[in-house]
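Participant: generate a structure from the sequence data that follows.
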Amino acid sequence: GTCSTCAVGKFSLAGSTTCSTCPADTFSLADASTCTNCPAGQISTAGSSSCWCPPGSSLQLGSCVLCTPGYYSTGSNAAQCTECIAGKFSDISGASTCTDCPANEFSAAAASSCNGPIITDIQPNVIRLNTITTITIFGQFLGSAIEDVNAVTLTTSVGSTVACIWFRWLDPSHILCQLPAVAYAATGVMKVYMGSFTATSDYSIAPLDFKNEPTPLVAEINPELGTPYTSYRITLTGANLGDTSADLFGISYLVGMRNARPCESVEYISSTKSVCVIANDIPAGSRVKFRHNVQGVEGTTYNSFYTLAEPIISRISPRVGTAGFDRVITLTGEFGRFANLIDTVKYGPDVGNLVACQPWAWVNVRRLLCTVQSPAAAFSLRFQVCDKLGQCVMSDETYEEALPVVIQEVYPIRGSGYQRVTISGVNFGRIPRDVYVDMVVLNPDLSTFTSPCAARNWLSSTKTTCTIPDVQIGALVTFRVSVHTQTITYSPDYLVVPPPTIGRVRVNNAAEATFHEQDPVDERTVTISGADFGLFEADLYLVSYTRAGETIRDCLSFKWHDTNTVTCHMPTVMALGDYTYTITVRDQVSAPTTALNAIYSVRKPPVIDTITPSTILNDAQHTVTLTGDNFGVVSDDIEVWFNVGLESLRQVTNYVLVSNTEIQAPIPAGIPDGSELRFKLKIGEQYLYAKKVILRVQDP
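Facilitator: Numbers count the residues shown, from 1 in each chain. Predicted structure coming up:
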């Protein structure tokens, strides 16, 4: 027998008849004769093709490294350990999971332990006698929701406990507390109760001899504007800001409708000037107000600091207009909360050629208006918006000033429904989406409706097409071309006419005949009669013919005579068979017809071989039988004539075409005795004589 290869995770010794599974903590590749031990610190299960780091470790430079406290991994060669999320911890090295903090204990991300609440600061840290004051408590692990906080109190040095009138949880690092008015000076301890934990901090109540300060006022803020998520040093200038730094209990700021937050740091400069450093977490479009606390008296600024994101122009409308006419353009995007935050609005072909909108207007945070003063020439414009910080943005979309649209020709101006009409003119736009074509249809009953094209195709700035949908015969169609804001109607109207129909085919202008012999003739002109062959010679596009089973061929030449008649010149020698005709009037093609009088047949000439009887009496009408070949299939295919001696031809009426080889012809009485009758078969305008076949007449 043949040897087979062992799969990965298996091995075999020389001469073995089966493969064995590698044990745990080893591995093998295919076709192995032994198993390899896992590298130090790595593990595997039985039948493995590789080894990996166990849970609680990560693969670093080819070695397994234990996760440090605060981190964990689930194994499988993790590239790095994952930090425990807030509210969970791991306190050992090599943790494969994180543990939830006990009730009323909290942790930050990547924590190795959980803790109760901690107070790190209180602002303002001194309150005024007999004054209700709102303070901000800063700390860590202050809970994840208001429900985590049981109570917030102030315990004074004289033994009384004052509860907050209300307290509000902001986030795990901030709690607001409104303290009631206190009538005595004392020191105290702020306490935050959370389950079995209590966070404490020293606090002071102002002495009785504090001055009765007037309300602090701020008249100027510098800077007034800034970018979002940026820390700023704000200088506040005004009055009553404290005679010394000890008078300034604190400065806080309010972002929009949110609660007040203490400044990151405060600097007292003078009784008219102070500094507040705001955090770098204020989003775009925010309005920031400041609040001073001077010896417990608070005053909020009326002026504001605004964070401005870079303006955004997402859309302009309209995007096109007619050159020579002023137009108000609406810019949509992000433009700040107030009009005075926008510095300039300009337009031009590029950033180096801009002029100011005359005028421009701020409508709301998402809309600006710009009046464009348009020259007479066509051009393309972009728009620029700059804010008071000097941040400028150019629009991606452009406003196109187009020259007036002119329709010069519609071709054809008559045809059927589903006709593809070409509309020519100037200023049809630069790209397909610039142009829209539709139509107004006037029906024969004088009702009207507007319809889109069944299909339309923009070809160039001077040409577009519209396919007319299926509308009533006799309807008048007026085309409308819209290029952006311009809509142009074209006249004359397009007339919907029926397709051509063939009623009759004649050869060489014969009055009745519809057949022709095979033999060559000097001219072979087929006259085709019918209806709706066009109103003018230019309407007739093509006259063609075909024989059953063959390809369509064009006439050697064709001619339009009137709306009911055309002629086709045929080859002088043609194959035997029946030929049908097709007439194309503009886009309309006549329906095929196999009606007898609409077929041109080319066949062998008829031959008379015998006449039975060969002699008849002249006392009464007698019927004779003509036998031969190529007599046709219906009576209209052929005419039967005879002459008596040198007399003129007489036509046999009421003859019967029995078959292609037999005709029964009645001969009238009274033909003179001894007469010899020669028969002729008429095809078209030519007579074919049966020269050797004679019928004799005699008296009874």
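Participant: and the closest residue to residue 472 other than its chain neighbours, how far from residue 415?
Facilitator: Counting by C-beta to C-beta, 6 or more residues apart in numbering, residue 443 is the residue found nearest to residue 472 once chain neighbours are left out, at 5.3 Å. In short, each C-beta sits where N, CA and C put it, glycine included. Distance of residue 443 to residue 415, given as C-beta to C-beta, to the nearest Å: 17 Å.
Participant: so what's the one residue sitting closest to the centre of the chain up against?
Facilitator: Geometric centre of the chain, nearest residue: residue 433, 12.4 Å, by C-alpha atoms, centre = their mean. Residues counted as contacts of residue 433 (C-beta atoms under 8 Å, 6 or more residues apart in numbering): none.
Participant: ok but it is inside a helix, no?
Facilitator: Yes - counting by DSSP: H, G, I helix; E, B strand; the rest coil, residue 433 is part of a helix.
Participant: against residue 455, how distant is it?
Facilitator: 16 Å.
Participant: swap in residue 474?
Facilitator: Using C-beta to C-beta, which is the criterion applied here, residue 474 is 23 Å from residue 455.
Participant: OK, contacts around residue 7?
Facilitator: Here residue 7 is in contact with 19, 30 (C-beta under 8 Å, 6+ apart).
Participant: do the same with residue 66
Facilitator: Contacts of residue 66 (C-beta under 8 Å, 6+ apart): 56-57, 93-94.
Participant: which residues does it bridge with?
Facilitator: residue 57 (DSSP bridges).
Participant: relative to residue 57, how far out is it?
Facilitator: Distance from residue 66 to residue 57, by C-beta to C-beta: 5 Å.
Participant: any shared contact partners between those two?
Facilitator: Joint contacts of residue 66 and residue 57 (C-beta under 8 Å, 6+ apart) are residue 94.
Participant: what does the model give residue 516 for pLDDT?
Facilitator: Here, the pLDDT recorded for residue 516 equals 43.
Participant: picking up where we left off before, buried subset of the contacts of residue 66?
Facilitator: By neighbour count, with 16 or more other C-beta atoms under 10 Å, the contacts of residue 66 hold 56-57, 94 as buried.
Participant: can these go into CSV with extra columns for pLDDT and distance to residue 266?
Facilitator: Shown next, in CSV, are the buried ones among the contacts of residue 66 (pLDDT from 0 to 100; distance: C-beta to C-beta, whole Å):
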residue, pLDDT, distance to residue 266
56, 92, 47
57, 91, 48
94, 91, 46
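Participant: out of those residues, who's nearest residue 625?
Facilitator: residue 57 (117.8 Å; C-beta to C-beta).
Participant: correct me if wrong: that closest one contacts residue 63.
Facilitator: No - applying C-beta atoms under 8 Å, one finds residue 57 not in contact with residue 63, separated by 9.2 Å.
Participant: name the residues contacting each of the two.
Facilitator: Joint contacts of residue 57 and residue 63 (C-beta under 8 Å, 6+ apart) are residue 41.
Participant: pretty sure residue 642 sits against residue 682.
Facilitator: No - between residue 642 and residue 682 there is no contact under C-beta under 8 Å: 11.1 Å.
Participant: so where do the helices sit in the stretch 101-250 of the chain?
Facilitator: With DSSP state H, counting those that start in this stretch, there are no helices along the stretch 101-250 of the chain.
Participant: mind showing which ranges of it have poor pLDDT?
Facilitator: 125-129, 183-186, 202-213 (pLDDT under 70).
Participant: low-confidence ranges in the stretch 551-700 of the chain?
Facilitator: Ranges of the stretch 551-700 of the chain meeting pLDDT under 70: 573, 587, 593-597, 633-634, 636-637, 683-692.
Participant: switch the cut-off to 90
Facilitator: 551-557, 562-564, 568-611, 614-622, 626-661, 663, 665, 667-700 (pLDDT under 90).
Participant: and residue 96, how many residues sit next to it?
Facilitator: Using other C-beta atoms under 10 Å, residue 96 has 14 other residues around it.
Participant: residue 110 versus that one, what's the distance?
Facilitator: 16 Å.
Participant: please put the alpha-carbon coordinates of stretch 620-632 into PDB.
Facilitator: This file holds the C-alpha atoms of stretch 620-632, laid out as PDB (Å, rounded to 0.1, in the frame of the first residue of the first chain):
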ATOM      1  CA  ALA A 620     -74.200  28.900 -79.300                       C
ATOM      2  CA  GLN A 621     -71.700  29.800 -76.500                       C
ATOM      3  CA  HIS A 622     -69.200  27.100 -75.900                       C
ATOM      4  CA  THR A 623     -66.700  26.600 -73.100                       C
ATOM      5  CA  VAL A 624     -63.200  25.500 -74.000                       C
ATOM      6  CA  THR A 625     -60.500  24.300 -71.700                       C
ATOM      7  CA  LEU A 626     -57.000  25.800 -72.000                       C
ATOM      8  CA  THR A 627     -54.300  23.700 -70.500                       C
ATOM      9  CA  GLY A 628     -50.700  24.700 -69.900                       C
ATOM     10  CA  ASP A 629     -48.600  26.100 -67.100                       C
ATOM     11  CA  ASN A 630     -48.000  29.300 -65.000                       C
ATOM     12  CA  PHE A 631     -51.600  30.500 -65.100                       C
ATOM     13  CA  GLY A 632     -51.500  31.800 -61.500                       C
END
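Participant: how about that stretch: buried residues?
Facilitator: For stretch 620-632, by 16+ other C-beta under 10 Å, it's 622, 624, 626-628, 630-632.
Participant: turn those residues into a markdown table, including secondary structure and distance to residue 86.
Facilitator: Converted to a markdown table, those look like this (DSSP: H, G, I helix; E, B strand; the rest coil; distance: C-beta to C-beta, whole Å):
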| residue | secondary structure | distance to residue 86 |
| --- | --- | --- |
| 622 | strand | 127 |
| 624 | strand | 123 |
| 626 | strand | 118 |
| 627 | strand | 117 |
| 628 | strand | 115 |
| 630 | coil | 108 |
| 631 | coil | 110 |
| 632 | coil | 105 |
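Participant: which of those residues sits closest to residue 363?
Facilitator: Checking the buried residues of stretch 620-632 against residue 363 with C-beta to C-beta, the nearest one is residue 632 at 88.3 Å.
Participant: quick one: residues contacting that closest one.
Facilitator: Residue 632 sits in contact with 515, 603, 606, 638, 657, 660, where contact means C-beta under 8 Å, 6+ apart.
Participant: quick check: the residue lying closest to the second one once chain neighbours are set aside vs residue 59, distance?
Facilitator: Counting by C-beta to C-beta, 6+ apart, residue 576 is the residue found nearest to residue 603 once chain neighbours are left out, at 5.6 Å. When distances are taken as C-beta to C-beta, residue 576 and residue 59 turn out to be 92 Å apart.
Participant: could you give the average pLDDT over stretch 314-324?
Facilitator: Across stretch 314-324, the per-residue pLDDT values average to 78.
Participant: then that stretch to PDB, C-alphas only?
Facilitator: The C-alpha coordinates for stretch 314-324 follow below in PDB (Å, rounded to 0.1, in the frame of the first residue of the first chain):
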ATOM      1  CA  SER A 314     -22.900  72.300   2.600                       C
ATOM      2  CA  ARG A 315     -25.200  73.600  -0.100                       C
ATOM      3  CA  ILE A 316     -26.000  76.600  -2.300                       C
ATOM      4  CA  SER A 317     -29.300  77.300  -3.900                       C
ATOM      5  CA  PRO A 318     -30.100  78.000  -6.600                       C
ATOM      6  CA  ARG A 319     -27.000  76.700  -8.400                       C
ATOM      7  CA  VAL A 320     -27.700  78.400 -11.700                       C
ATOM      8  CA  GLY A 321     -29.000  81.700 -13.000                       C
ATOM      9  CA  THR A 322     -29.200  83.800 -16.100                       C
ATOM     10  CA  ALA A 323     -26.300  86.100 -16.800                       C
ATOM     11  CA  GLY A 324     -27.100  89.800 -16.500                       C
END
